[in-house]
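Colleague: After the sequence you'll find the predicted model.
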Number of protein chains: 4
Amino acid sequence: MAGNSFGQILRITTAGESHGPANVVILDGVPPGLPLCEEDLRTDLDRRRPGQSKITTQRDESDRAKILSGVFEGRTTGTALAILIENRDQRSRDYSEIREKYRPGHADYTFDAKYGHRDYRGGGRSSARETNVRVAAGAVAKKLLLEQAGVRIVGYVRQVGNVEAAIADPAAVTLEDVEASIVRCPDGAAAERMIELVERVRSERDSIGGVAEIVATGVPAGWGEPVFDKLKADLGKAFFSLPAVLGVEYGAGFAVATARGSENNDPFVAEGDRIVTRGNRHGGMLGGISSGMPIVIRCAVKPTSSLPREQPTVDRFGKPTTLSTKGRHDPCLLPRFVPMGEAMMALVLADHMLRQRAQCLSSLDPHPTGQ
Amino acid sequence: MAGNSFGQILRITTAGESHGPANVVILDGVPPGLPLCEEDLRTDLDRRRPGQSKITTQRDESDRAKILSGVFEGRTTGTALAILIENRDQRSRDYSEIREKYRPGHADYTFDAKYGHRDYRGGGRSSARETNVRVAAGAVAKKLLLEQAGVRIVGYVRQVGNVEAAIADPAAVTLEDVEASIVRCPDGAAAERMIELVERVRSERDSIGGVAEIVATGVPAGWGEPVFDKLKADLGKAFFSLPAVLGVEYGAGFAVATARGSENNDPFVAEGDRIVTRGNRHGGMLGGISSGMPIVIRCAVKPTSSLPREQPTVDRFGKPTTLSTKGRHDPCLLPRFVPMGEAMMALVLADHMLRQRAQCLSSLDPHPTGQ
Amino acid sequence: MAGNSFGQILRITTAGESHGPANVVILDGVPPGLPLCEEDLRTDLDRRRPGQSKITTQRDESDRAKILSGVFEGRTTGTALAILIENRDQRSRDYSEIREKYRPGHADYTFDAKYGHRDYRGGGRSSARETNVRVAAGAVAKKLLLEQAGVRIVGYVRQVGNVEAAIADPAAVTLEDVEASIVRCPDGAAAERMIELVERVRSERDSIGGVAEIVATGVPAGWGEPVFDKLKADLGKAFFSLPAVLGVEYGAGFAVATARGSENNDPFVAEGDRIVTRGNRHGGMLGGISSGMPIVIRCAVKPTSSLPREQPTVDRFGKPTTLSTKGRHDPCLLPRFVPMGEAMMALVLADHMLRQRAQCLSSLDPHPTGQ
Amino acid sequence: MAGNSFGQILRITTAGESHGPANVVILDGVPPGLPLCEEDLRTDLDRRRPGQSKITTQRDESDRAKILSGVFEGRTTGTALAILIENRDQRSRDYSEIREKYRPGHADYTFDAKYGHRDYRGGGRSSARETNVRVAAGAVAKKLLLEQAGVRIVGYVRQVGNVEAAIADPAAVTLEDVEASIVRCPDGAAAERMIELVERVRSERDSIGGVAEIVATGVPAGWGEPVFDKLKADLGKAFFSLPAVLGVEYGAGFAVATARGSENNDPFVAEGDRIVTRGNRHGGMLGGISSGMPIVIRCAVKPTSSLPREQPTVDRFGKPTTLSTKGRHDPCLLPRFVPMGEAMMALVLADHMLRQRAQCLSSLDPHPTGQ
């Protein structure tokens, strides 16, 4: 109830803190028989880990996932799947300065207001370290989606500061396109300018925001629920549950505000024996249910709040002071955000795949989901 | 599990369809002793109902809420509170045309793909009629928030098409400011231009989108959860669960993409014995937990999909055809969206108020939430 | 969260009180395409209703269920299914006597302790009237189980006071056997003695307890979950959630306390190409999962607490007083308990059928569930 | 959704298997500020662990709990609390015999039917080892109940085979009384006979069942919910979720079947300024809500299914065979069941304490819960 779980049929529950010995996730509801090993989790964990490139934080955390339960002889058993990631970077430091000061843009003050007691050595539970086990769980969900429904999820950086990528077709971007640049932008020219911008910002001891786009292809029409658990609603929650996200939009997004209905509606057309739409301003979801078109979502990610420069703030008694972050931080969160966003998309879609199976696979008359 | 419930401690479950006899909502977890009568639900229902002004649909649905249970002698009992709204506008029509055709922008096709069986007379469960009981439940949540925490929620129209309102201080807008214009925009000059635009659009048998802003004041620091049930995440889900919403942002929103950290962080300052921030780019939430500053969220709402003009589409066999909506529809959804948005904000905040009480009121050391 | 919902994938939420205008249930997660009409709910509602025979209460409540949503053209749509039962017996009475007195064995005192405000005209939310919509929902679940899995559920009265029925094979009892007597005991000789006992008890202005047995046949091996949501655990909760139940046991039940392992284990044997057990001391569940053998559960139901004789008690100020129930009450709850117990069994099994479908139907290798 | 979580506001999620490297539990919703250290978990883990006395299994598993998160400087933080217990007894054996055979009374067959893939080296997820983290979580819940509400929970063995203890007042039994005998029966004379019986049964290579009684004192009136989440229902589920439990009853339990209402109702009386009942046949719960009287529940626990003697069964192809358990097993589960039962009672009560706080602490009029 304190919000450490996410999902309905496929449900994850996580624990762990920035300065604790380990993070852990329990996946509840994974179907049995799915081939899975620790190696399957490595790629995405490496894409998320600090220290992976010159434009991310230089902290070196190689996150190695250990499967504690739920897998036997290389296949999931259907029982609780637990993954542990030990924290190998628990250095002892002097925390006396930040102990009493509220870091701007962080959860220090709100944690004190909520709990009256917190781990003052860092973000504690609100640290982005918490997302490493989400990424591990997301890798399981991605595998499930690919094996059982042919769904693929690819995310990339769409914008950093004022540098915007040109992406002709979001559904055509591949993992290889994304990983071709350390900033994870598949538009090579834009990627170069993004990297330059991030390096300039870092040299100025500042940080910069951006936009990531996450795309799912292969999702059949019919996933999602019509009222509160609309697919867009569960995805919206998933992305807003990630640190630093201040905006989420899908399809035409905020551009619908200035659109006319006559131009905004994507007309249905037949393509062979499938029904599709011309255009995808609806981002693959109508009435909260997948339409069979690619699902395309964008997240606005704020510039890192921790800065290696003096920032004004107060201490817990309200006394004015200043604070400068000593640790190593990302000058731009976007490159490492991409695997987190993919993981959350995967967890939502895998959950709704199973929900659809539970309720509608039993429908007495055959219908066009083709499952 | 099919997503007809929302919330954790204060939880609503709804049922009802566009062409059914009634909509109903059950509120689970309402504290006992709250003064409540049917009259308390009327204001917001009237703000949501069709036919309220010249710029909304001319369908006349006067939604009268009947409390079936959970209130005794003018106070809530703490047991299940059920509200029924009968559908007085169930006219018989000839549905043969839309029976087989997929309306663009609607859920007809996705419902068929999901369920293989649907009420073809209209939106069925995906109709916006479904929101009338959300608004009734939201009125209960608003009352609870005001009586037990002093929280107020006000929403308004920020933008229609290219007409943007100038709002100096979102937290200062009152219900009276909003209700002063039929378009629910507190900037009088902008409101006039918005009304003109909506009327022009209607005369062109088209529709137009816009942006609504919903603001909560009086929320103490400390509500929300640090991981999946971040306040922003639950609000994000709440707003995306409303029909026609394609984007949600809070605080600086998508503008963070081009911001530097040094300008984006709101510095903490003391104000008397309270700790506040200078500026509110963080929209009242840090680390997913309320900061004590006003909570400010915006939703992008698409132009109505139903249009009184021919639109190309296909029938369920994929055969190309056209379709023109005969019914009366809103040329712009925004004025009626405002009470829906307020209701969802109220339901999320009331739930988190109770969650905070459940877990943290018992904390052994007094701490600054002051509850 | 205040416990007005039950189930996971197939989930019911109820509202309504003894003296309110109506009871209502919303079923969430019903598969689409199931044939259903109001007539389907009538049989079980009639079996539950007061006034059905000379040995039940003489209050005449003919519960007529009205389907508000979720059914179109005779089939379920898969969206929220709401059923309303109006209360036709809301007579005005003088409640001044019971207003301040705590009825022994009832929830008057505990409601005051919990809520500080209650409907003093009767049981309010704790009234057994609340179960009428459970029975209606259970009728839907029964239909789903029968159509989609061939599962049948039959309950009957096993014991009233010291009169015990002889039931050679619980799995062989039919609805017709049960309905052959007004006490719902399929052992005709025992039924006669039970009826005599109930009539004697009533003439003595007293009440008597008993035991009901509920049996499900046709449940395939594999339903249920291995840890907290063991099938026996969800069934245990379901039966204990019914009023007046003070004990629940399955299979050999409390008799295991005196048993040796060597006699208690049911050996596996092959029967054609099925694996079954010789004996059913395990009541159809092993490790919390159905074994394919009949599921057999018994509930101990207390004697009615309301008695038409003076009983000592206190008023809300602790002052000693006496109280005699004026209304008409069942001298024995068992005959009307049977359909309630069947309904709860059906709701649990239908939920687990869908849960099994959601998680395990997708298993990559075919396995012996045969679904 | 696969049932690895339990509870609502205080919610536990567990993972781990008999032959895996570790078991883990995540507690969600623990209030902040509760003093807690690993030592606090040791007593109950030692009471549950194998090898603790001559009448339990001789496997030596010293379960040492490691707190991974949620505690800082000796107090809970309010964020996810994770506890890990490594499995130190993972010996390599030859599993070829049991790989294909279904052990009678175990979940081997039902797991195969459900999942089609399981860890054949032992019980896997259905092993009683799974309960070690429940006991650790229960120790946290016990501490919370004692510190914040003065509630104490004590369990003991009431019956082994035909040997029944004489317990004058369940509410007066202390932990010391219980721990005075290795069989955990506070009636010394009965305890001796129970021990003799267990030793005789073991010498006969057999096992024996029994009954445990779990008692909570200090629970104020008002905890629990009136409909599905009745306190008795959540407790019923909790106890039935433990392995080997085939029956649960509270208060007079199955004895109500033969009782008259006139003798079964516990009359309310005043005791100083408290309202209590004379007698406690209602086991501390009325209408599903605590009455302020001691909560008294009994569980029937079957004899261990694993026996060191030949038992007939079939293999997975249905071929008749025999099987004799080589491992060391408890001849009677009851002594080690006691801490498991206490843990589940504690988890349910702590959850309902927080639920009551969430919904009813805010009640506008003061009322008699006195919280």
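Modeller: Arrived safely, thanks for sending. Numbers count the residues shown, from 1 in each chain, chains lettered A, B, ... in the order given.

Colleague: Low-confidence ranges, chain A, go.
Modeller: Within chain A, the stretches with pLDDT under 70 are A:58-61, A:89-92, A:362-371.

Colleague: Residue of it closest to chain C, please.
Modeller: With distances taken as C-beta to the nearest C-beta, chain A approaches chain C most closely at A:Ala358, which sits 3.3 Å away. Bear in mind the C-beta positions are built from the backbone N, C-alpha and C, glycine included.

Colleague: Show the contacting residues for A:Pro186.
Modeller: Contact criterion C-beta atoms under 8 Å, 6 or more residues apart in numbering or on different chains gives A:156, A:165, A:167, A:173-174, A:177-178, A:180 as the residues in contact with A:Pro186.

Colleague: May I ask which two of those residues are separated the most?
Modeller: In terms of C-beta to C-beta, the contacts of A:Pro186 reach their longest pairwise distance at A:Ala165 and A:Thr174, which sit 14.7 Å apart.

Colleague: For the two, work out which one has more neighbours and name it.
Modeller: Here A:Ala165 and A:Thr174 are compared on neighbour count by other C-beta atoms under 10 Å in any protein chain shown; more neighbours surround A:Ala165, at 22 against 12.

Colleague: Please list all residues in contact with that one.
Modeller: For A:Ala165, the set of contacting residues under the criterion of C-beta under 8 Å, 6+ apart consists of A:156-159, A:185-187, A:190-191, A:194.

Colleague: Distance check, it against C:Arg158.
Modeller: A:Ala165 is 72 Å from C:Arg158, where distance means C-beta to C-beta, to the nearest Å.

Colleague: What of A:Leu45?
Modeller: Distance check for A:Leu45 against C:Arg158: by C-beta to C-beta, it reads 57 Å.

Colleague: do A:Arg316 as well
Modeller: Computed with C-beta to C-beta, the distance linking A:Arg316 and C:Arg158 is 65 Å.

Colleague: Looking at these two, which is more packed in?
Modeller: Between A:Arg316 and C:Arg158, counted using other C-beta under 10 Å, C:Arg158 has the larger neighbour count: 25 against 15.

Colleague: Now do the SS call for the more buried one.
Modeller: Under the three-state scheme (DSSP: H, G, I helix; E, B strand; the rest coil), C:Arg158 adopts strand.

Colleague: how about it, what does it touch?
Modeller: C:164-165, C:167, C:185, C:210-213, C:298.

Colleague: how about 7 Å then?
Modeller: Residues counted as contacts of C:Arg158 (C-beta atoms under 7 Å, 6 or more residues apart in numbering or on different chains) are C:164-165, C:167, C:211-213, C:298.

Colleague: go on, A:Ala350?
Modeller: A:Ala350 is in contact with A:10, A:141, A:144-145, counting by C-beta under 7 Å, 6+ apart.

Colleague: of all those residues, which two lie farthest apart?
Modeller: In these, two members sit farther apart than any others by C-beta to C-beta. They are A:Leu10 and A:Leu145, at 10.2 Å.

Colleague: neighbour-wise, which of the two wins?
Modeller: Neighbours of A:Leu10 and A:Leu145, each counted by other C-beta under 10 Å, are more numerous for A:Leu10; the result is 29 against 22.

Colleague: need the contact list for the more buried one.
Modeller: Applying C-beta under 7 Å, 6+ apart, the residues near A:Leu10 are A:27, A:29-30, A:141, A:347, A:350-351, A:354.

Colleague: Can you tell me how far it is from D:Arg202?
Modeller: Using C-beta to C-beta, which is the criterion applied here, A:Leu10 is 44 Å from D:Arg202.

Colleague: How about A:Arg298?
Modeller: If you go by C-beta to C-beta, the gap between A:Arg298 and D:Arg202 works out to 67 Å.

Colleague: Comparing those two, which residue is more hemmed in?
Modeller: Under the criterion of other C-beta under 10 Å, the comparison of A:Arg298 against D:Arg202 puts A:Arg298 first, with 26 against 18.
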